[in-house]
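Colleague: Give me a model of this one.
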Amino acid sequence: MAAVKEVDILAKERENPPFDEKCMVDFLTGSSEMTQFKRDLMQEVDELHDGSLDIMIDDDEYDLSMALPNEDHSKAEARVQTMAMLRLQYSKLMEDAGVSVKKRLARMELMSLYDPSWFTRNGIHFGLWLNAVQGQGTPEQVAEYLPKTLMMQVFGCFAMTELGHGSFVRGLETTATFDVDTQTFDLHTPSITATKWWIGGAAHTATHAAVFAQLVLPDGTRPGVHAFIVQLRSLEDHTAMPGIRIGDCGMKMGRQGIDNGYIQFNHVKLEKSALLAKYCELSTLGEYVAVGSKQMEYGALIAGRSIMVTDSAVWLKAAVTIATRFLTLRRSGDPMVNTPKDTEPQLIDFVSVQARIMPLIATAYALNFTSLYMQRVASPEGLKDTSEPEEPVRSLYGDDDAGEMDAEATLRDLHATCAGLKSFATWATYYGIDTCRQAMGGHGYSGYSGLSRMFADFAVQCTWEGDNTVMALQTARYLVASFAQLKAGGTLVGSVSYLNSLPRINQTKRMWKIDEKERKKGLSQIRSGRIQVLLDAFRFLLAQRVEHVSLKYEAAKTRIRREQRALVKRRKKEKQQLRKRKGKQAVADFEEYEMPSEEAIHSEAWNNLCHELVDTSKAHCYYVMSCTFVDAIRMASQSEDPEQRKLVGSLDTMCRLFILSSLSNWTDWFLATGYMTKLHFFMIKDSVANLCQELRSFAVVAVDAFDFSDSILRSPLGRRDGAVYDAYFKRVNQDPRNSQNKPEYFESQIQPLLKSNL
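Modeller: Coordinates of the predicted model:
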């Protein structure tokens, strides 16, 4: 069959685009200024690769090539590379500080993709460690450690998790016992499970740690887990301080450049000033008083999780960019009707491929707009642009709101939802990356495809900052509490305002406002009718699901109380019968059954419904993402820029695809409640397939608008120019070991085998 140049294939795909690429790029980044910052950074990475980057590192031994991430690196080499990149990026961050906070944000977004190990190491020091000191330290403690941290005179880490304890902080075993006589704390690891574990930066780098331990007072009481500043290593020779044992947690699934380590304390003495005491007072006599509230501000919590939603958007955009370009130029199989003669069809034209990749492109756009919304509502500290006036926060849920939301109410609502958004954004990206990898066949499995590396490096996002299932259940708790508020006579606003419609839904049967009798008309309504009709289906689903799971939760608590009371009663009766038969002495050691606490009953009922609660949380979060997408289309349609208004058609296609693909997860519920008929069900399936075909026509242009340079993508298979096979072959042979005919282990292993010396 005739060969077609790959560069010509992608060039043809870019002919007659439905929108201006630069306009879409600016719309996705939020501004032309942000676009330029990102392009400047990508140029910086290009210069890093060709060795021409200008840096401010006063070290004759520093070599730019040491900072380049490399798939062929061993763990030890990855550690060296990450530290070299840390030094390089620190100098660049100092330059950014004099330019714009937006440039710092742009750097964080792109570098998290390009070098995730650096991104994590940087975040441990300037994020976790510094936030612990600033958030829980007194003004004096902040004054002492802030300058040292910013100037990298100390390197901090965050020592919370233990070998036997993860997100359940109250269960931590490490103790810090206050000694009145010496005015010191005795920091101790009482068991193997109390070993601090997975501590990023601890194995090799950190000089100090914010260590979380159970505070033990002289009288033996424990007022809870508190943070202590602990020096781990000497500032002279970097050796571990007396009584401290530090090691490396070894190989991980990904991010080998991060030196995750373990720490054990053998009765280490700490000065009284080591206790981060913003929220407590400890007298010289060991008298403890809590001061203020340890509750973090809504904005601080949202900021951390919004970064993870942004990260998810960036990584999924990169994955679909690589996959879409490769699948568009890759040809395989027998010709189809519209395939040129003697030419194999493009993989992207197979419906089975479109069904996997097109919804992911739409999801990447949805995550992008959700990320922009979260950044507008609650930017991370240090990444807020105070030079510009804050825009008033407008509700996403417009005509669905019972009333207008002020900024504080919006923040509260988003705070309750952002835990779930972290979960479902990271899950969507994690599984999306692997879907792209599988769609690319054998080449997707290559360590140089970009996708296998991304899959391994991104996996941790589903675990750190809160296990995804635990985070999803936090949002579910908010939904159940909102239903209780409605039952008590309250009116809800924001993302849960759909619950206000429950009285009407329960009075009269509701059906989807899509014509089911005339299929052609129904399909037209789904494709081109009011997009709010699609959101109406989400609102109905959520109102019903939240009510259903809330009532089941109340019923479960009632059932458990009844069962437990019956057990208490039965046990008492058994004791009375035993005493009657064998006398008072016989029941001396008889254990009566005590009624569990209300907290235990609530936990048991909640645990029994976890699957339904997580699924309800998922529906809520996908509804929120759908609303941010619809709101983005509204902004484009109302723009004064005619080029931006031209974006609406393509955005609408992707938005409908995202919403309908999401709704497909709950068609069983729609059918069971009678909101949809089986004809509606088939219309949704057909509409998703039709929208996938529509998006296929401009898929390459859609991913081009994500505006990644080849250097940032780090994938020869995702090159913008399409010259993937030459680039792939060249990349494989960059490592001399890959072109060796005779391996190092020939004499020791292969030759004896060939000579039958087994």
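Colleague: so where's the chain uncertain?
Modeller: 1-4, 97-99, 293-302, 378-410, 757-758 (pLDDT under 70).
Colleague: Show me the strands in it, by range?
Modeller: Remark: strands assigned in the chain by DSSP state E are 156-159, 175-179, 184-188, 196-199, 208-216, 224-231, 244-248, 261-265, 268-271, 280-282, 288-290.
Colleague: Nearest to Asp8, out of those strands?
Modeller: Asp8 sits nearest to strand 196-199 of all the strands of the chain, at 49.0 Å, using CB to CB. Every C-beta, even on glycine, is put in place using the N, C-alpha and C of the backbone.
Colleague: who touches the closest one?
Modeller: Under the criterion CB atoms under 8 Å, 6 or more residues apart in numbering, residues 157-163, 174, 189, 202, 206, 209, 211, 249, 260-264 lie in contact with strand 196-199.
Colleague: same check, this time on stretch 671-682
Modeller: Defining contact as CB under 8 Å, 6+ apart, one finds that stretch 671-682 is touched by 509-512, 514, 516, 519, 522, 537, 540-541, 544, 667, 670.
Colleague: How far off centre is it?
Modeller: Chain-centre distance of stretch 671-682: 33 Å, with CA atoms, centre = their mean, to the nearest Å.
Colleague: buried sites along that stretch?
Modeller: Residues of stretch 671-682 classed as buried by neighbour count (16 or more other CB atoms under 10 Å): 673, 675-677, 680.
Colleague: again with stretch 303-321
Modeller: Buried residues in stretch 303-321 (16+ other CB under 10 Å): 303-321.
Colleague: Dump it to PDB, restricted to CA.
Modeller: Output of stretch 303-321 as PDB, limited to C-alpha atoms (Å, rounded to 0.1, in the frame of the first residue of the first chain):
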ATOM      1  CA  ALA A 303      -6.300  26.200  47.000                       C
ATOM      2  CA  GLY A 304      -4.500  22.900  47.600                       C
ATOM      3  CA  ARG A 305      -7.200  20.800  45.900                       C
ATOM      4  CA  SER A 306      -7.600  23.300  43.100                       C
ATOM      5  CA  ILE A 307      -3.900  22.700  42.300                       C
ATOM      6  CA  MET A 308      -4.600  19.000  41.900                       C
ATOM      7  CA  VAL A 309      -7.600  19.700  39.600                       C
ATOM      8  CA  THR A 310      -5.300  22.000  37.600                       C
ATOM      9  CA  ASP A 311      -2.700  19.200  37.500                       C
ATOM     10  CA  SER A 312      -5.300  16.700  36.400                       C
ATOM     11  CA  ALA A 313      -6.400  19.000  33.500                       C
ATOM     12  CA  VAL A 314      -2.800  19.600  32.400                       C
ATOM     13  CA  TRP A 315      -1.900  15.900  32.400                       C
ATOM     14  CA  LEU A 316      -5.000  14.800  30.700                       C
ATOM     15  CA  LYS A 317      -4.600  17.500  28.000                       C
ATOM     16  CA  ALA A 318      -1.100  16.200  27.400                       C
ATOM     17  CA  ALA A 319      -2.200  12.600  27.200                       C
ATOM     18  CA  VAL A 320      -4.900  13.200  24.700                       C
ATOM     19  CA  THR A 321      -2.600  15.500  22.700                       C
END
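Colleague: starting at the chain centroid, how far to stretch 504-512?
Modeller: Worked out by CA atoms, centre = their mean, stretch 504-512 lies 36 Å from the chain centre.
Colleague: can you list contacts of it?
Modeller: By CB under 8 Å, 6+ apart, the surrounding residues in contact with stretch 504-512 are 533, 536-537, 540, 543-544, 670, 674-677, 680.
Colleague: Helices - which of these land there?
Modeller: Counting by DSSP state H, the part of the contacts of stretch 504-512 found in helices is 533, 536-537, 540, 543-544, 670, 680.
Colleague: Closest to Ser495 out of these?
Modeller: Ala543 (12.4 Å).
Colleague: quick one on the thing from earlier: could you dump the ones in helices among the contacts of stretch 504-512 to a markdown table with distance to Glu144?
Modeller: Output for these, formatted as a markdown table (distance: CB to CB, whole Å):
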| residue | distance to Glu144 |
| --- | --- |
| Val533 | 59 |
| Asp536 | 57 |
| Ala537 | 56 |
| Phe540 | 57 |
| Ala543 | 53 |
| Gln544 | 56 |
| Phe670 | 59 |
| His680 | 65 |
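Colleague: OK, contacts around the residue nearest to Leu451 when sequence neighbours are not counted?
Modeller: Excluding the flanking residues, the one nearest Leu451 by CB to CB, 6 or more residues apart in numbering is Arg437, at 4.0 Å. Neighbouring residues of Arg437 by CB under 8 Å, 6+ apart: 323, 444-445, 449, 451-452, 455.
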